[in-house]
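1. what follows is a predicted structure for the sequence shown.
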Amino acid sequence: MPAVPALIPKPARLEATGGDPFVISESTTVVVNGRPDLIGIAVLAADLLGRVTGRSIEIRYAESDAPDVVRLRLTTADGEGDESYKLVSNAGRVDLEARSPAGLVRAIVTLRQLLTTAPDGSLRVPAVVIEDAPRYAWRGLSIDVARHFVAKRDLKVIIGLMAHYKLNVLHLHLTDDQGWRLQVRSRPQLTRLSSGTSVNGDPGGFYTADDYADIVAFASVRGVRVVPEIDVPGHVNAATHAYGNLTPSGEPTDVYTGIEVGFSRLYADLPATGDFLREVFADVAEMTPGDYVHIGGDEVLTMEPAEYATLVAAASDAVRAAGKKVVGWQEIASTPLEPGTVVQYWDTRVDPAPFVAAAEAGALLLMSPGSKAYLDMKYDASTPLGLEWAGHIELRDAYDWEPSTLVPGVPAESVIGVEAAIWTETLRDLPALTSMLLPRLAAIAEVAWTEPEQRDWEDFRTRVVGQGPFWDRLGLSWYRSPQVDWR
């Protein structure tokens, strides 16, 4: 029986049926119903197969009894948000079935990972039955584009990697002390005056409204939704540099290109602050088709708790008034929160009591522990890039942890998902980013997708070996962890 390629993340059920493989030929076509929401997915499937085979793959919008087809089909019309799928491959055809378009995208990604090259040069899919579904609905990657700007073309490469490992949330940290990276209609000076620099005075940049729409659309076709973050009430020097009326003196602050945190802030008693929060969050919400907007809320070190709570409430009210749900870093757990608010847990060194209380009040916890999921942490002391404040994160560290028991006292049902993060104080370009993301992003993806009883480090370290040639074919920089016997 031919070997089945190792899949990441590990599926819920995989059965090799022992039949002849499906061979991709010049007559292979993608077949799909002509629904508008499926056409883009069919194009994605055809493009994926075309890139691998080096030939154009035809799409047909009607069922056919002809062999040599990859068939995409929705099994129900009411499966929105359901990412489960079934893949059946045999000598005649490959059937991909799901209850939602997002599920079909996950099935296409699995098909891509199943492709192998036979000795005769043909591309084959082994005869298998796969039934799969994710553990968590939120499986994300947060990218800091503020400290160093990430160009749209490079961001799309990372989105492609996310989709390959079935991650479904791109959290963009768009604003910080060093730069403002998103054009917003109500405050044009933010990008005119505060987008041109990065850490150490490196070149900056920003996404126009059209750029952002393109990013959102590119991600959406690949089953990834964008969650934009406007970080308040701290990390705001880029905002106060552009608009002096956000400072008590009325004077703009200086450009900042260092990496210290906690020195910048908004002021609840300034009239400009409320307007700024309402209008900027309304702009961002209008540009974002997804359900969530992130308000930041972290590392506000020079503010009294009452004022902090007032400003968190003002930002949250602005997001909800714009029709979105609120996400914030873990510090917001110390303030009164509406049920359904997502609290992003990152610092494992603090008292768990506020998170237990927040969960009891109906908040949801998103797990991003710095010591496991901050992928800008060095692999070891010799790693040339990255930081070390949360320790070193080797591949096994990124894999061997359990989200549901991370915070003692928080019930498992209050955990909405898992999100890796990569901060860019030391990361200036795409090779730097991918060298820190890979292979650890694959580990985080399996933590988020696969049920804990099916996860095993020894199994994972043998499966991840097969990803190296894929990253090499894409021309990506990556880290050859000594914990894996790479080919």
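-> Received it, and whenever you're ready, just let me know what you need. Numbers count the residues shown, from 1 in each chain.
2. could you use CA atoms for every contact and neighbour count after this?
-> Fine.
3. which secondary structure element contains residue 153?
-> helix 152-164 (DSSP states H and E).
4. restricting to C-alpha, output that helix in CSV.
-> Coordinates of each C-alpha in helix 152-164 appear next as CSV, following Å, rounded to 0.1, in the frame of the first residue of the first chain:
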residue,chain,number,x,y,z
LYS,A,152,1.4,43.7,1.3
ARG,A,153,3.2,41.2,-1.0
ASP,A,154,5.1,39.8,2.0
LEU,A,155,1.9,39.7,4.1
LYS,A,156,0.3,37.6,1.4
VAL,A,157,3.1,35.1,1.6
ILE,A,158,2.4,34.7,5.3
ILE,A,159,-1.4,34.4,4.7
GLY,A,160,-0.6,31.6,2.3
LEU,A,161,1.4,29.8,5.0
MET,A,162,-1.4,30.4,7.5
ALA,A,163,-4.0,28.8,5.1
HIS,A,164,-1.7,25.9,4.4
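5. strands paired with whatever helix or strand comes next after it, and their directions?
-> For helix 152-164, the following helix or strand on the C-terminal side (DSSP H and E) is strand 169-173. If you go by DSSP bridges, strand 169-173 pairs up with strand 138-144 (parallel), strand 225-232 (parallel).
6. now those strands as TSV including mean neighbour count, distance to residue 238 and mean pLDDT?
-> Listed next are the strands paired with strand 169-173 as TSV, based on neighbours: other CA atoms under 10 Å; distance: least, CA to CA, whole Å; pLDDT from 0 to 100:
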stretch	mean neighbour count	distance to residue 238	mean pLDDT
strand 138-144	25	14	98
strand 225-232	24	11	98
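7. minimum distance to residue 487: which of those has it?
-> Closest to residue 487 of these is strand 138-144 (CA to CA; 27.7 Å).
8. dump that closest one to PDB, restricted to CA.
-> Taking Å, rounded to 0.1, in the frame of the first residue of the first chain, the C-alpha atoms of strand 138-144 are listed here in PDB:
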ATOM      1  CA  TRP A 138     -10.200  30.700  16.500                       C
ATOM      2  CA  ARG A 139      -6.800  29.700  15.200                       C
ATOM      3  CA  GLY A 140      -4.800  32.800  14.600                       C
ATOM      4  CA  LEU A 141      -1.500  34.600  14.000                       C
ATOM      5  CA  SER A 142      -0.900  38.100  15.200                       C
ATOM      6  CA  ILE A 143       1.600  40.100  13.200                       C
ATOM      7  CA  ASP A 144       3.100  43.300  14.400                       C
END
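9. the domain parsing of the chain - what is it?
-> Domain ranges of the chain: 13-132, 138-473, per automatic domain parsing.
10. least confident of the ones you listed, on average?
-> With a mean of 89, domain 13-132 has the lowest mean pLDDT of these.
11. neighbours around the closest residue to residue 135 other than its chain neighbours, how many?
-> Nearest residue to residue 135, sequence neighbours excluded (CA to CA, 6 or more residues apart in numbering): residue 449, at 4.9 Å. When counting by other CA atoms under 10 Å, one arrives at 27 neighbours for residue 449.
12. gap between residue 449 and residue 377?
-> Separation of residue 449 from residue 377 (CA to CA, to the nearest Å): 23 Å.
13. for the helix or strand residue 320 falls within, give me every contacting residue.
-> Taking DSSP H and E as the criterion, residue 320 maps to helix 305-321. Helix 305-321 has contacts (CA atoms under 8 Å, 6 or more residues apart in numbering) with 232-233, 267-268, 274, 277-279, 281-282, 285, 293, 295, 297, 300, 325-326, 332, 334-336.
14. try 6 Å
-> 277, 278, 281, 335 (CA atoms under 6 Å, 6 or more residues apart in numbering).
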